[in-house]
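Student: have a look; sequence and predicted model below, questions after that.
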Protein chains: 2
Amino acid sequence: MKTREKIILSSLELFNERGERNVTTNHIAAHLAISPGNLYYHFRNKSDIIYEIFLEYEKLVDYYLDIPQDRSLTLEDLTFYLESVFDGLWSYRFFHRDLEYLLDSDPRLRKDYREFTNRCLAAISQIFEKMSEAGIIEPQPEELRSAMSLNVWLVITNWMAFLKTAHAADEPASLSLTELKQGIYQVLTLEIPYLTPAYRERVMELRERYRPSLPEPSGAVV
Amino acid sequence: MKTREKIILSSLELFNERGERNVTTNHIAAHLAISPGNLYYHFRNKSDIIYEIFLEYEKLVDYYLDIPQDRSLTLEDLTFYLESVFDGLWSYRFFHRDLEYLLDSDPRLRKDYREFTNRCLAAISQIFEKMSEAGIIEPQPEELRSAMSLNVWLVITNWMAFLKTAHAADEPASLSLTELKQGIYQVLTLEIPYLTPAYRERVMELRERYRPSLPEPSGAVV
DNA sequence: GTATTATTAGAGTATATACTCTAGGCAGTC
DNA sequence: GACTGCCTAGAGTATATACTCTAATAATAC
């Protein structure tokens, strides 16, 4: 593997594990057993590494959220979208953690991320539309659909932060993909009241599959 | 005003403006025109300042979310809760921005914040319960109510990050309390399907008051 | 083989950051 | 007026961090 690629992979790994703020370029070089000079031969600065990682993340999610226009959606499609999005969140989980700082330090990233968000929101809205076409949920006025899509986005992008901060374990790193996917349970909760009678039961079963196992982080009230 | 108190106020101000990560103890001292030594006479370290600020934040929100047990809730109560919570978020807006890092660097804060989250979730759930008692929303099973409460929490705590990252303006600081309160619109969106016929119209009017003015940040799809 | 280009090592640097240390001022009190 | 306790100044420090520079090595082209 090329050094450049190795740098990206290692950076992602370290960022995910320890948080971008806690990972220096020297750490990355040390982790790869290469010299700092070598790292800076391949990347002008830390921001550039992060930007490259973002481009990969963006590509992945755009790929997942490519909604077929020639056919209607099935429940399997919905499951795929949800699973994929949370897989993506997991693989690039450092990103949302320090998002604001990252966008403040790189105007390029800020612009791209803003457009990325808008694409995601449009995709979510489109999924809702096609779900109502498919008779899974009741049709909703445009305005409501777009507000709902935004809520879905907020729940998805904030679910990990919630887990990490509300988690009972004291070790911050102890977070699994399984727990992350309980976010799907939360997203499906948003859709419950809009389900058609024809699909209600099947979606509720789907949702049940992601129910947090006890002790659930949200339930335990002190 | 005592120096100690001035340090807390100035720190909060600077943290909110520039983000905790971009504000050093030296900045704080300089901003107050006191010496670093003086600052460290009053606080052992930066974490201690942040912890004190959190205690104030916690106290404020706990005060806002003190649900009266001897009477039922009105729409005015609901409005008050929503307005207050977003006021609180605004006043301590630096906090959620760097939350994960802050909790990782201070176990005391991690523990307290976890309990704080649980209290908030319990309060939201209680508000839902009392709203159904008051005939504002239809009663829901415990399980659904708790999942909904969590979604409300996720939307509330992530709304500001969304604004800051999806905002069209390039200046990161250009965010107003008014925009922040459009989060109320999003929260009320969550409740729409559960409204009773008796209250539906009034709540929809309330929601309308917080509708984002065009160009709305979420709507403009690229 | 030789010239050229791409890659790498590793020491080094300017700056920043959290925090320390010592000396001293000032207000009250006897 | 000197003692005491609280507060403050400001120079200083150890460490970290992002990044640079030079020289050497490996790969490739001719």
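Tutor: Ah, there it is. Numbers count the residues shown, from 1 in each chain, chains lettered A, B, ... in the order given.
Student: how near is A:A166 to B:A33?
Tutor: 40 Å (CB to CB, to the nearest Å). Any C-beta I mention is one placed from the backbone N, CA and C, and that applies to glycine too.
Student: what about those two, which has more around it?
Tutor: Using other CB atoms under 10 Å in any protein chain shown, the more surrounded residue of A:A166 and B:A33 is A:A166, with 20 against 7.
Student: mind checking how far the more buried one is from A:D87?
Tutor: For A:A166, the distance to A:D87 - CB to CB - is 22 Å.
Student: same question for A:E5.
Tutor: Distance from A:E5 to A:D87, by CB to CB: 21 Å.
Student: of the two, who's got more company?
Tutor: Each of A:E5 and A:D87 has its neighbours counted (other CB under 10 Å); A:D87 has more, 16 against 11.
Student: now do the helix or strand that one falls within: which elements does it pack against?
Tutor: Using DSSP states H and E, A:D87 falls within helix A:75-91. If you count contacts as 3 or more CB pairs under 8 Å, 6 or more residues apart in numbering or on different chains; DSSP states H and E, helix A:75-91 packs onto helix A:46-64, helix A:107-133, helix A:142-166, helix A:177-180, helix A:182-191, helix A:197-208.
Student: so how far is the helix or strand that that helix is followed by from its chain's centroid?
Tutor: Moving toward the C-terminus from helix A:75-91, the next helix or strand (DSSP H and E) is helix A:93-97. Distance of helix A:93-97 from the chain centroid (CA atoms, centre = their mean, to the nearest Å) equals 9 Å.
Student: which elements pack onto helix A:93-97?
Tutor: Partner elements for helix A:93-97 (3+ CB pairs under 8 Å, 6+ apart): helix A:3-18, helix A:46-64, helix A:142-166.
Student: give me the distance between whatever residue of chain A ends up closest to DNA strand C and DNA strand D.
Tutor: Per CB to the nearest atom of the strand, A:G37 is where chain A lies closest to DNA strand C, at 1.7 Å. From A:G37 over to DNA strand D the distance is 3 Å, taken as CB to the nearest atom of the strand, to the nearest Å.
Student: again, but for A:R21
Tutor: A:R21 is 8 Å from DNA strand D, by CB to the nearest atom of the strand.
Student: same question, A:S213
Tutor: 37 Å.
Student: equivalent analysis for A:R207, please.
Tutor: In terms of CB to the nearest atom of the strand, A:R207 sits 42 Å off from DNA strand D.
Student: got the buried residues for the helix or strand bottoming out on mean pLDDT in chain A?
Tutor: Of all helical and strand segments in chain A, the minimum by mean pLDDT, DSSP states H and E falls on helix A:177-180, at a mean of 90. Using 16 or more other CB atoms under 10 Å in any protein chain shown as the test for burial, helix A:177-180 gives A:E179, A:L180.
Student: now do that helix: distance to the chain's middle.
Tutor: Offset of helix A:177-180 from its chain centre (CA atoms, centre = their mean): 12 Å.
Student: stretch A:102-112 too?
Tutor: 18 Å.
Student: also stretch A:64-76?
Tutor: That offset, for stretch A:64-76, works out to 19 Å (CA atoms, centre = their mean).
Student: what about that stretch, average pLDDT?
Tutor: Here stretch A:64-76 scores 94 as its mean pLDDT.
Student: figure out the length between the terminal residues of that stretch.
Tutor: End-to-end span of stretch A:64-76 (CA to CA, to the nearest Å): 14 Å.
Student: contact partners of it?
Tutor: Residues from elsewhere that reach stretch A:64-76 (CB atoms under 8 Å, 6 or more residues apart in numbering or on different chains): A:80-81, A:84-85, A:88, A:119-120, A:123, A:126-127, A:130-131, A:133-134, A:136, A:199, A:202-203, A:206.
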